[in-house]
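>>> show me the folded form of this:
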Amino acid sequence: MAMSDSVATMPPALDVSTLAQFVDPLPIPEIAKPQGRRPSPHDAKLSVPFYRIQAQAITSKVHRDLRPTTFWSFGSSAPGATFETRSGEPLLVEWVNALPRQHFLPIDRTIHGAEPDKPAVRTVVHLHGAKTRPESDGYPEDWIVPGKSSLYYYPNQQDAAMLWYHDHALGINRLNVYAGLLGAFFIRDSAEDALNLPQGKYEIPLILYDRLLTREAQLLYPVSPDPQSPWVPEVFGNAVLVNGKLFPYLEVEPRKYRFRVLNGSNARTYNLSLVERVESASTNNSANNNDLPFHQIGTDQGLLPAPVPLTHLEISPGERADLVIDFSQHRGARLVLNNAASVVMQFRVSSQKVTDPSSLPSALRAVPIIPESQAVQTRLLTLDEYVNKAGNPVMLLLNASHWKMPVTEKPVLGSTEIWSLINPTNDTHPIHLHLVRFQILDRQPYVPWLFQTKRELRFLGPPEPPDPNEAGWKDTVQAHSKMVTRIIVPFDGFPGRYVWHCHILEHEDNEMMRPYEVIAS
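The predicted structure is shown next:
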């Protein structure tokens with residue numbers, strides 16, 4: 001084991017409750033700018049925007065009263081620059097690895113894909129939610145080392161949606177994303193334009209991720225007691241950053257705003273609510289009658305059929321939520337966005353009178369329901385956790401299969417399948433499929449031991465339909481504990497090898513990821 005990978009005892013974490021809240025304005029990531037145009041790799045007569053994005057080490061202050069923190073970022077900030085593009089308008093990105101040659105977070109060399117013969121620093125970029133050819137999808141083994149770059153082509157032949165890009169290197173993905181290698185990517189289209197939703201400065205990304213910091217304000221990634229095997233099953237931080245800031249505030253006008261929420265955390269699921277008060281949250285908001293209403297208008301893969309009124313939003317790693325919040329009834333107020341019992345950020349509503357020309361239409365976009373009869377195959381796929389004698393997880397698998405085992409899921413291009421995700425574990429696993437979008441059919445409680453011993457599915461209750469705010473196109477689904485979660489998946493796009501995995505990054509890195517292959521029809 002190289003010295004750079006040795007694991008020291010963990011320093012104490014910073015107690016963020018000692019910091020002043022709402023002293024830093026919410027930063028808005030800059031918009032990525034193309035550096036000219038290049039010929040399309042699939043049509044030399046077509047010239048497309050060309051971007052060059054560099055993964056590099058930076059420092060950034062997450063709070064007014066803390067020292068600058070070292071991050072790895074795509075560009076000059078963490079999160080990285082936001083892409084803005086339109087449906088049907090392709091683009092090229094050269095992803096450059098300009099990172100240091102040593103990692104500053106603890107690599108576990110016993111994990112598949114991170115063995116001692118692998119370079120410590122590697123990166124490959126996955127555009128999460130994109131319909132791309134396999135060579136531009138960010139396959140976990142397609143990593144590059146510092147000094148190298150990859151040219152990826154994104155056709156953007158899909159509906160308007162918030163996608164996001166992040167590192168996907170096999171065996172160290174959890175460390176690279178924790179270090180800051182993530183950013184937002186928006187696709188727009190004319191159907192969305194016609195709805196007159198809040199736009200421009202009234203549409204704001206909220207990229208949430210939790211971190212642990214040392215008392216010197218440096219990133220702290222927890223390790224197991226075993227220095228030879230430092231992997232831990234999940235990481236939860238006490239510092240929830242929004243666009244890279246801790247406890248930020250945002251000054252808003254008394255009108256409608258559109259917030260594009262991304263859960264970029266390694267493992268944390270957020271339960272978000274909005275309350276009108278100034279002081280820190282000290283009670284559990286589920287018992288708080290002051291939760292203010294807002295509307296969800298879209299999910300991972302774009303707009304819902306109609307706005308869904310909510311007072312709480314549950315969003316797991318990898319998921320996105322498109323929200324409209326109307327501040328018009330709160331002139332001069334201070335509203336706080338909470339995660340369960342902890343504070344995330346503050347909205348300061350001005351007291352001026354404003355006109356609001358934007359709309360919240362009662363109908364948004366048709367989402368045709370895929371009939372189950374369209375599926376040509378149903379796959380039963382287990383989410384498996386393996387524990388040691390002390391009962392601690394040591395590895396997680398999909399369908400009891402390791403990464404390197406032969407590919408068993410080979411859907412035909414243009415066909416539709418039902419995937420039944422069978423979860424005997426105590427965790428909710430957010431399951432993400434690359435390339436495709438899908439719809440949730442239902443979830444149903446079942447008897448785990450009976451399926452594990454006899455492959456018999458005995459259900460304990462009726463199937464539960466997806467929540468209204470899940471009833472759109474998804475690419476990441478919460479597969480709940482002791483439930484069978486069924487999704488119906490049209491395999492549209494391109495033939496080739498892709499992956500599906502749990503989006504708890506610690507799980508994904510320790511084998512809860514499998515290749516699948518789309519076969520040309």
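>>> can you give the distance from stretch 350-368 to the centre of its chain?
In terms of C-alpha atoms, centre = their mean, to the nearest Å, the gap separating the centre of stretch 350-368 from the centre of its chain is 26 Å.
>>> quick one: mean pLDDT for it?
When pLDDT is averaged over stretch 350-368, the result is 97.
>>> tell me which residues in it are buried?
S358, L360, L364, R365, V367 (16 or more other C-beta atoms under 10 Å). C-betas here are computed from N, CA, C, even on glycine.
>>> where do the strands sit along the stretch 1-150 of the chain?
Assigned by DSSP state E, counting those that start in this stretch, the strands in the stretch 1-150 of the chain fall at 24-25, 37-40, 43-60, 69-74, 83-86, 91-97, 125-128, 149-154.
>>> I'd like these as a markdown table, with mean neighbour count appended.
As requested, these are arranged in a markdown table below (neighbours: other C-beta atoms under 10 Å):
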| stretch | mean neighbour count |
| --- | --- |
| strand 24-25 | 16 |
| strand 37-40 | 15 |
| strand 43-60 | 16 |
| strand 69-74 | 24 |
| strand 83-86 | 18 |
| strand 91-97 | 21 |
| strand 125-128 | 25 |
| strand 149-154 | 20 |
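>>> for E216, find the nearest of those strands.
strand 69-74 (9.0 Å; C-beta to C-beta).
>>> so where do the helices sit in the protein?
Secondary structure of the chain by DSSP state H: the helices cover 173-179, 190-193, 448-454, 505-509.
>>> and the ones you listed: which comes nearest A44?
For the helices of the chain, proximity to A44 was assessed by C-beta to C-beta; helix 190-193 is nearest, at 27.8 Å.
>>> give me the below-cutoff pLDDT ranges for the stretch 251-400 of the chain.
Applying pLDDT under 70 to the predicted model, the residue ranges of the stretch 251-400 of the chain that meet it are 278-289.
>>> distance from the chain centre to stretch 22-29, please.
When distances are taken as C-alpha atoms, centre = their mean, stretch 22-29 is centred 21 Å away from the chain's centroid.
>>> right, and the helices of the chain - which one's nearest D384?
Across the helices of the chain, D384 has its closest neighbour in helix 448-454 (9.2 Å, C-beta to C-beta).
>>> need the mean per-residue confidence for the closest one.
Regarding helix 448-454, the rounded mean pLDDT is 95.
>>> show me which residues of stretch 312-331 are buried.
Neighbour counts over stretch 312-331 (16+ other C-beta under 10 Å) mark 313-327, 330 as buried.
>>> how about the residue nearest to the spatial centre of the chain: what's its closest non-neighbour residue?
Central residue check for the chain by C-alpha atoms, centre = their mean: the C-alpha nearest the mean position is that of G318, 2.1 Å away. The spatially closest residue to G318, leaving aside those adjacent along the chain, is H503, at 3.5 Å (C-beta to C-beta, 6 or more residues apart in numbering).
>>> show me the residues around Y386 that make contact.
Residues near Y386 by C-beta atoms under 8 Å, 6 or more residues apart in numbering: P393, V394, M395, L396, L397.
>>> of the strands of the stretch 1-150 of the chain, give the one that comes closest to Q346.
Distances from Q346 to each of the strands of the stretch 1-150 of the chain were compared using C-beta to C-beta; the minimum, 10.3 Å, belongs to strand 24-25.
>>> quick one: contacts of the closest one?
Counting by C-beta under 8 Å, 6+ apart, strand 24-25 makes contact with H63, R64, K245, L246, F247, P248, Y249, L250, E251, all of which sit outside it.
>>> mind doing that once more with 6 Å?
Surrounding strand 24-25, the residues in contact under the criterion C-beta atoms under 6 Å, 6 or more residues apart in numbering are R64, K245, P248.
>>> who wins for neighbours among these?
Neighbour counts for those were taken using other C-beta atoms under 10 Å; the highest belongs to P248, with 22 neighbours.
>>> was I right about that one contacting I28?
No: under the criterion of C-beta atoms under 6 Å, P248 is not in contact with I28, lying 10.5 Å apart.
>>> for L46, find the nearest of the helices of the chain.
Each of those was scored for nearness to L46 using C-beta to C-beta, and the closest is helix 190-193 (20.4 Å).
>>> what about the closest one, average pLDDT?
Taken as a whole, helix 190-193 carries a mean pLDDT of 98.
>>> buried ones in that helix?
The neighbour-count check on helix 190-193 (16+ other C-beta under 10 Å) flags E192 as buried.
>>> please apply the same query to stretch 144-164.
With burial defined by 16+ other C-beta under 10 Å, the residues of stretch 144-164 counted as buried are 144, 146, 149-150, 152-156, 158-164.
>>> do stretch 297-311 as well
Of the residues in stretch 297-311, those scored as buried under the neighbour-count criterion (16+ other C-beta under 10 Å) are 297-308, 310-311.
>>> span of it from start to end?
For stretch 297-311, the separation between the terminal residues is 14 Å (C-alpha to C-alpha, to the nearest Å).
>>> and it, how far from the chain's centre?
When distances are taken as C-alpha atoms, centre = their mean, stretch 297-311 is centred 17 Å away from the chain's centroid.
>>> do stretch 427-439 as well
Going by C-alpha atoms, centre = their mean, the spacing between the C-alpha centre of stretch 427-439 and its chain's C-alpha centre is 11 Å.
>>> and the end-to-end length of that stretch?
Distance across stretch 427-439, first residue to last, is 21 Å (C-alpha to C-alpha).
>>> what's next to that stretch, contact-wise?
137, 301, 316-318, 370, 383, 421, 473-481, 487-489, 491, 493, 498-500, 502-503.
>>> just the residues contacting stretch 343-357, thanks.
Identification of contacts with stretch 343-357 by C-beta under 6 Å, 6+ apart yields 22, 240, 242, 248-256, 280-281, 327, 330-337.
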